[in-house]
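J.: next come a sequence and a model predicted from it.
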Amino acid sequence: MPTGDGDGRPSRLTVDTARAAVCSGWRRRAAAMLAPGVVLLVAGMVQAGDRAALGSFAKYALMHAAGWGIVGALAQLLPSARARQLIAALAWVVPAASVAPALATAPLAALLSVLVTWRVAEALVTAPAREIYPTEPRPWLPAAAIWLAGVVAGIAGGGLTWVATLATTFGAGLFGTRAVWRTSGATDAQRYGLMAALVLAAAAGALGQPGVAATGALAVAYVAARVKDAAEGGDEPRFGDVWDDALADPARALVVTFAIIGLVGGLALSSPAAREAGVHVSLLDAMFTSFSATCVTGLGVVDTPMSYGPVGEAVILALIQVGGLGIMTFSAAAASLLRRRMTLAQEATMAGLMATDDRRNLNADVHRVVGLTLVVEAAGALALTLQFWRLGDTFGQALWRGVFTSISAFCNAGFALQSDSLVGYAGHPGVLYTVAALIIIGGLGPAVIFGAVAAAHGRPTPVGVRLAVWVSAGLTALGAVLYLALERDASLGNLGFWDAIHNAFFQSVTLRTAGFNSVDLAAARPATVAMMIMIMFVGGSPGSTAGGVKTTTIAVLLLGAEAVARGRTEVSAFGYRLPTLTVLRAGAIGLLGTVSVCLVFFALLATQRIPFDSLLFESVSALATVGLSVGATGALDATGKLLIIAAMFAGRVGPLTLVLLFAGPSTSLPATRPEQEVAVG
């Protein structure tokens, strides 16, 4: 590659590239120096409980970002380099002026918004306008960052933040469409298709759907960039390429798929078609419900059967089913049914998700998982339909309730089509035990179920299967006995002796991770709440639809404690020695789970005016994807709802992601290092 102009002098491109590298390094160092201050300022506002300052910060950050976005779009449209440089200079003035009036009323929030949006603004305007980079800029990248901030702040803040987000995303969409129209290699179908998509996005905004409009405009900007690359001789833009790149890593696949499903589901649930006539559901509440269903949690800020119609209930059910098994399982099953072989990257992802190193039987394993799911859910739906029909529902209503409850129970989601969950069936043990059986099977997971079936046929049973079964059985029995003993005169006081036993067993099963309730948990005693928190933290078994740190994790930690107490240097179970790496993984997952609960709990305490014990219960319930509540969910404000959404998402993808990250090839030190004791405990 030439690095000069032929006369010994460095080329303008080389000089500008070097200057860009220096500027980039300087900006990174400046951002690194500013980051601690920004974090401390936000933490100060959170600790002080200054919600007005937090709201002002979000509003002014979006105003500042919108100023950058609008000026940046103008800079991109101008043909003259000198004009673009002039616009870049003005770009420092216009956004600052947009927040200048706030300096007198909320100086901390205004200054903080300038600091946070500065890095995005630099990428969007300054570098492209000064022509530092030899390639044409891609405004959809910073527009995507502003879109994400706009969605979050717009949910909590209202119209002004949506205006800022729409201005930025439509600016990027218009610039991208214009670039395609001026590209000779683009086809008419591509040009008119992008224009039509942008018009549809604008129509969605005019009809009162700003989230859909901003998302559509951002998608137009991204597709336009891909089309322009292809028209100028690059690779053909295919969504499959982007999807494969996003799902190449199992941990990334989990995060990406669950995030996309949750966002799309939230937009669907916010549409009028999904709601009951005359019922208003805000976008934030729709997003909360969507992520709760996708993460199979069950927490809700609206009354599901009263707020959503048949379409909305069907959307929730689809989110539960896809979220319970994972989009990759369905994708692999569909590819197999269509007799299409998975790519190597897809095989690697599925092997990681299913915790297996043997790819030869991967398709068979996927079929077994999907088959088990369909058979169990169908059997549960049939049993529940007959019981609901016998108890007075019409056949159509009983069928829909049976299918919905069966899928929700097997996926450990906790959503019900009754406003009081299953309290109305506290005196009907047939319904309770059917739902409990579905919860247990879903919470054990396919690996444990198939392992138990193999053991019944005389084949060797893996240690992990044994541990999962024993811990699950022990926790269920212990929880039932404790709940009955503690709540006989409280939440179980209005039930007869046998009904109290049935409901104590059901609550012990469901509080592990399912989220159904057949009694009023708000009436539970403090000791019962503490016991429930501990059992919720454990959760279900690995590879299941359940959350929590998992039964085998707790089992390995207990076995490790026993080994230390007995003075042994090895951890063993059922006559087998457990690898040291397994013990370390269990310790890491347990520690990270505890730290996560502490962080969410602290954030809720700092922002909500709700009793201490209720917030702790809510934190564990969200992170363990249980879905039970003692009344705190309905009292959350916008900040609290966003925190719980983040907790549910982290609880669903966090433990799985950690397992996949830890499951990489083990590395050993190049040489044995000297050993030295450290005082602990």
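T.: Perfect, thanks for sending it.
J.: spatially nearest residue to Pro526 (excluding sequence neighbours)?
T.: Spatially, and ignoring its direct neighbours in sequence, Pro526 is nearest to Asp613 (6.6 Å; CB to CB, 6 or more residues apart in numbering). C-beta coordinates here come from the backbone N, C-alpha and C atoms, glycine included.
J.: helices or strands up against the host helix or strand of the one you found?
T.: In this assignment (DSSP states H and E), Asp613 forms part of helix 612-623. Here helix 612-623 touches helix 526-538, helix 580-607, helix 638-662, going by 3 or more CB pairs under 8 Å, 6 or more residues apart in numbering; DSSP states H and E.
J.: could you pull out the buried residues of that helix?
T.: For helix 612-623, a neighbour-count test (16 or more other CB atoms under 10 Å) marks Ser614, Leu615, Leu616, Phe617, Glu618, Ser619, Val620, Ser621, Ala622, Leu623 as buried.
J.: now do that helix, average pLDDT.
T.: For helix 612-623, the mean per-residue pLDDT is 92.
J.: that one vs helix 526-538, what angle?
T.: Angle between the axes of helix 612-623 and helix 526-538 is 20 degrees (criterion: axes from the mean of the first three to the mean of the last three CA atoms, to 10 degrees).
J.: where does the stretch 51-200 of the chain have low pLDDT?
T.: 51-165, 167-168 (pLDDT under 70).
J.: how about a cut-off of 50?
T.: 119-120, 122-137, 153-157 (pLDDT under 50).
J.: what about the spatially closest residue to Phe516 that is not a sequence neighbour, how many residues nearby?
T.: Nearest residue to Phe516, sequence neighbours excluded (CB to CB, 6+ apart): Thr510, at 4.6 Å. Using other CB atoms under 10 Å, Thr510 is surrounded by 29 other residues.
J.: so who does Thr510 touch?
T.: Neighbour list for Thr510: Gly414, Val435, Ala436, Ile439, Phe516, Asn517, Ser518, Leu628 [criterion: CB atoms under 8 Å, 6 or more residues apart in numbering].
J.: shouldn't Val583 be in contact with Val556?
T.: Yes - between Val583 and Val556 there is a contact under CB atoms under 8 Å: 5.9 Å.
J.: compare these two (neighbour count), which wins?
T.: Val556 (25 against 17).
J.: quick one: contacts for the residue nearest to that one when sequence neighbours are not counted?
T.: Take Val556 and drop its neighbours on the chain: the residue closest to it by CB to CB, 6+ apart is Ala586, 3.9 Å away. When contacts are counted by CB under 8 Å, 6+ apart, Ala586 touches Thr552, Thr553, Val556, Leu557, Gly560.
J.: any chance of those residues in TSV, with pLDDT, secondary structure and distance to Ala381 too?
T.: Formatted as TSV, these follow (pLDDT from 0 to 100; DSSP: H, G, I helix; E, B strand; the rest coil; distance: CB to CB, whole Å):
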residue	pLDDT	secondary structure	distance to Ala381
Thr552	91	helix	30
Thr553	92	helix	32
Val556	94	helix	36
Leu557	93	helix	37
Gly560	92	helix	42
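J.: just the buried members of the contacts of Thr510?
T.: Looks like the contacts of Thr510 have Gly414, Val435, Ala436, Ile439, Phe516, Asn517, Ser518, Leu628 buried, using 16+ other CB under 10 Å.
J.: helix, strand, or coil at the last one?
T.: The three-state label for Leu628, taken from DSSP: H, G, I helix; E, B strand; the rest coil, comes out as coil.
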